[in-house]
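Undergrad: Sequence below, structure please.
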Amino acid sequence: MEFIRDTLAVFPDLLKAVPIVIQLALGAMALALVLGLLIALARISSLRLIRGVALIFVEIMRGTPLLVQLVYIYFVLPSIGISIDPVPAGILGLGLNYAAYLSEVFRSAILSVEQGQTEAALSLGYTPTKTLWKIVIPQSFVVSLAPIGNYFIAMVKDTALTSAIAVTEILKTANSLNSQTFQTTEIYTAAAVLYLLISLPLSRIVVLLERKVRSNA
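TA: The predicted model follows:
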């Protein structure tokens, strides 16, 4: 009982870090969605140079650890005159990393749209650009909805990595509390439970959205 009481006692302090987690996750996901779609379009471009640049970006982001990318943005970029505060640096690092993964989701979804629909739109006088934005991308977004939701849940948990660049999120707060009280088991158990309490509702929402999409398909 004492363990449970001590674990619950640290929750108020950890809860103060939740708004930072939400800010990081929402900001990074917004960046990842926009950039991921642009990269996906670049990957299917008819121009080899654009395809090549997009592929290099994706391979770098997927081939290096997210933690290293965050550290690079926060600690290395200032050496060339680019200083970014911790929270914006966390949003940028998470956004760039997840953009690489979402670009593959979007690219696969775009390619999954039947070519006949594109041909039909063009035959009706649609321009290629209008066909892309009015016909192809809306359908591909529906297909991408479930993977996007799963990546968002993963991103929420990956916000813990921003503690390495001085962002006062849940893990950073837990580390600070531990250094003061040395209640290691209780504090990190509470942190784990808090991440779980955030992730479980999001997982349920993703499942419901996926069912809704399938029922409307």
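Undergrad: residues in contact with T64?
TA: T64 is in contact with no residue at all, counting by Cβ atoms under 8 Å, 6 or more residues apart in numbering. Placement of C-beta: from N, CA and C, glycine included.
Undergrad: which stretch of helix or strand covers N178?
TA: Using DSSP states H and E, the element containing N178 is helix 170-181.
Undergrad: List the buried residues for the next helix or strand after that helix?
TA: With elements assigned by DSSP H and E, the helix or strand that comes after helix 170-181 is helix 184-216. By neighbour count on 16 or more other Cβ atoms under 10 Å, the buried set for helix 184-216 is 186-191, 194-195, 198, 206.
Undergrad: what does stretch 168-183 give?
TA: For stretch 168-183, burial by neighbour count (16+ other Cβ under 10 Å) applies to 168-174, 177-178, 183.
Undergrad: go on, stretch 134-142?
TA: Neighbour-count burial for stretch 134-142 [16+ other Cβ under 10 Å]: 135-137, 140.
Undergrad: With stretch 46-65 instead?
TA: Going by neighbour count (16+ other Cβ under 10 Å), the buried part of stretch 46-65 is 54, 57-58, 61.
Undergrad: And the helices in the chain, which stretches?
TA: With DSSP state H as the criterion, the chain has helices at 2-9, 11-15, 18-43, 48-63, 66-71, 86-112, 115-123, 128-131, 137-158, 170-181, 184-216.
Undergrad: right, and the ones you listed - which one's nearest S79?
TA: Among the helices of the chain, helix 66-71 comes nearest to S79, with 12.5 Å by Cβ to Cβ.
Undergrad: same for the closest one, what does it pack against?
TA: helix 86-112 (3 or more Cβ pairs under 8 Å, 6 or more residues apart in numbering; DSSP states H and E).
Undergrad: for the helix it packs on, the distance to its chain's centre please.
TA: In this view, helix 86-112 has its centroid 6 Å away from the chain centroid, taken as Cα atoms, centre = their mean, to the nearest Å.
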